[in-house]
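Engineer: next input, structure requested:
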Amino acid sequence: MSYHYSMVIQWSQEDQLFLVHLPEFPWQEFHTHGRTYEEAAKNGQEVIEAFVEMLSQGNQPLPEPRMLPTKPLQVA
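Structural biologist: The predicted structure follows:
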């Protein structure tokens, strides 16, 4: 299933891995990682699905997805 949640993927020089943060699920700073960007994105999607399943089974509300601004950005 496809969910519209944010995923921030950033390189960690210290860990030599791409780290994944899921802003709508702020229980911890980073939720998963990957050796490649693609692996990190896949792992992030799996964590999102696990969180959605966990919250649904516990009859807890799902967080609202963060949305980008609807106005066009002005660049100076």
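Engineer: give me the beta-bridge partners of the spatially closest residue to residue 41 that is not a sequence neighbour?
Structural biologist: In space, and not counting its chain neighbours, residue 41 is closest to residue 9: 6.3 Å by CB to CB, 6 or more residues apart in numbering. No exception for glycine: its C-beta is placed from N, CA and C like everyone else's. For residue 9, the beta-bridge partners under DSSP bridges are residue 20.
Engineer: residue boundaries of the strands in this structure?
Structural biologist: Ranges of strands within the chain are 8-12, 17-21, 32-34, based on DSSP state E.
Engineer: among these, which comes closest to residue 41?
Structural biologist: strand 8-12 (6.3 Å; CB to CB).
Engineer: quick one: the closest one to strand 17-21, angle?
Structural biologist: 150 degrees (axes from the mean of the first three to the mean of the last three CA atoms, to 10 degrees).
Engineer: model confidence over strand 8-12, on average?
Structural biologist: Taken as a whole, strand 8-12 has an average pLDDT of 97.
Engineer: now it - C-alpha only, PDB.
Structural biologist: The C-alpha coordinates for strand 8-12 follow below in PDB (Å, rounded to 0.1, in the frame of the first residue of the first chain):
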ATOM      1  CA  VAL A   8      14.200  12.500   4.900                       C
ATOM      2  CA  ILE A   9      17.300  10.600   3.800                       C
ATOM      3  CA  GLN A  10      20.700  12.000   4.500                       C
ATOM      4  CA  TRP A  11      24.300  10.700   4.300                       C
ATOM      5  CA  SER A  12      26.100  10.100   7.600                       C
END
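Engineer: alright, I will stop here.
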